[in-house]
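Enquirer: turn this into a structure:
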Amino acid sequence: MTQEKASLDHNDPDAIRAIVRDGYAAIARRTTEETSEKAPCCAPASSNPGCCSSPPAPQAASCCGAGKGGELAAALGYDAGEVDALPEGANMGLSCGNPVALATLRPGEVVADLGSGGGFDVFIAGRKVGATGRAIGVDMTPEMLALARRNTAGYRAATGLDNVEFRLGEIEHLPVADASVDVVISNCVINLSPDKPQVWRELARVLKPGGRVAASDIALLKPLPDAVRQMVESLVGCVAGAVLADETDRMARDAGLADVALAPHPDYIEAMTSWEDPLYQRIVAALPKGAKASDYVTSLNVSARKPA
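Expert: Next up, the predicted model:
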């Protein structure tokens, strides 16, 4: 079966995880190749002819627009100096919000990033919590973990800090001790989980009493058409696995969290489609005639607190 004809079985969590893992492994491999000593894949044709002659496969397309990392980070409010100071390859354009800013991190805090990818938010958080704090990234994709660990050397050389680490694990089963984290952040990842209530229970488990959550994610404004919901591209593109904002609120509260606040940012989706990201263009093409992606999905900032 070709990738274009593949469809999703939302009742098979193992299959969903495999699709997500394969998709993000492809992104990590591509990023590693582009930041190696070889010519980047999308360098001018004279230096590396033919390697970008066709659009990337759906699995290799980004969740939220890899290749537009600098523009996207600026649009989401990241400080340009912080982004420029990141190790090369850490910013793959996989964000749909700015959870580090939402978290208002303080020196000495322990922060865990769910779905940390190449370390983008972990490295920014590490600078904010300083030498007495710690930033822990968790990712289920070995290729992403290898990329993040490779990037750690550059972070240490630039900052003099040894306060970040990356752990292999699923966000439904975090390799983090009970009540050991001050802040949990996540950036465009929870939507990818086939068991979101379990993710929220894990968030509550690892937080210290009084700890807080700052997550950015994709949420639905209304149910997706079946044609989009069944697209493999839509899952890797953070759309097919998204749920209504009200469901996110309910899951967070059912997990025991309090002070849950949701803030939608639909302008992010408008920006993605205006940049003509190939993956989002395929999703838009499957929508009813005249519909826009932003009619169905939005970027959503979620904040919450574990009661003390």
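
Enquirer: quick one, what contacts the residue nearest in space to the middle of the chain?
Expert: Centroid-nearest residue in the chain, with Cα atoms, centre = their mean: Cys188, separated by 3.6 Å. Cys188 is in contact with Cys63, Cys64, Leu94, Ser95, Cys96, Gly97, Gly115, Ser216, Asp217, Ile218, Cys238, counting by Cβ atoms under 8 Å, 6 or more residues apart in numbering. The way it works is simple: take the backbone N, C-alpha and C, and place the C-beta from them, glycine included.

Enquirer: go on, Leu102?
Expert: With Cβ under 8 Å, 6+ apart, Leu102 has these contacts: Ile185, Ala214, Ala215, Ser216, Asn301, Ser303.

Enquirer: try 6 Å
Expert: By Cβ atoms under 6 Å, 6 or more residues apart in numbering, the residues touching Leu102 are Ala214, Asn301.

Enquirer: distance of it relative to Ser299?
Expert: 12 Å (Cβ to Cβ, to the nearest Å).

Enquirer: check Arg229 too.
Expert: 19 Å.

Enquirer: Ala204 now?
Expert: Counting by Cβ to Cβ - Ala204 and Ser299 are separated by 23 Å.

Enquirer: out of these two, which sits in the more crowded spot?
Expert: Ser299 (26 against 20; other Cβ atoms under 10 Å).

Enquirer: give me the number of neighbouring residues for the closest residue to Gly77 other than its chain neighbours.
Expert: Setting aside the residues directly before and after it, Gly77 is nearest to Asn98 in space (Cβ to Cβ, 6 or more residues apart in numbering), at 4.9 Å. Asn98: 23 surrounding residues under other Cβ under 10 Å.

Enquirer: phi, psi of Asn301?
Expert: The phi/psi pair for Asn301 (degrees, to the nearest 10) reads phi -90, psi 130.

Enquirer: phi, psi of the nearest residue to it once chain neighbours are set aside?
Expert: Leaving aside its chain neighbours, Asn301 sits nearest to Ala263 (4.3 Å; criterion: Cβ to Cβ, 6+ apart). When read as degrees, to the nearest 10, the backbone of Ala263 gives phi -130, psi 110.

Enquirer: state the distance from Ala263 to Leu72.
Expert: 18 Å.
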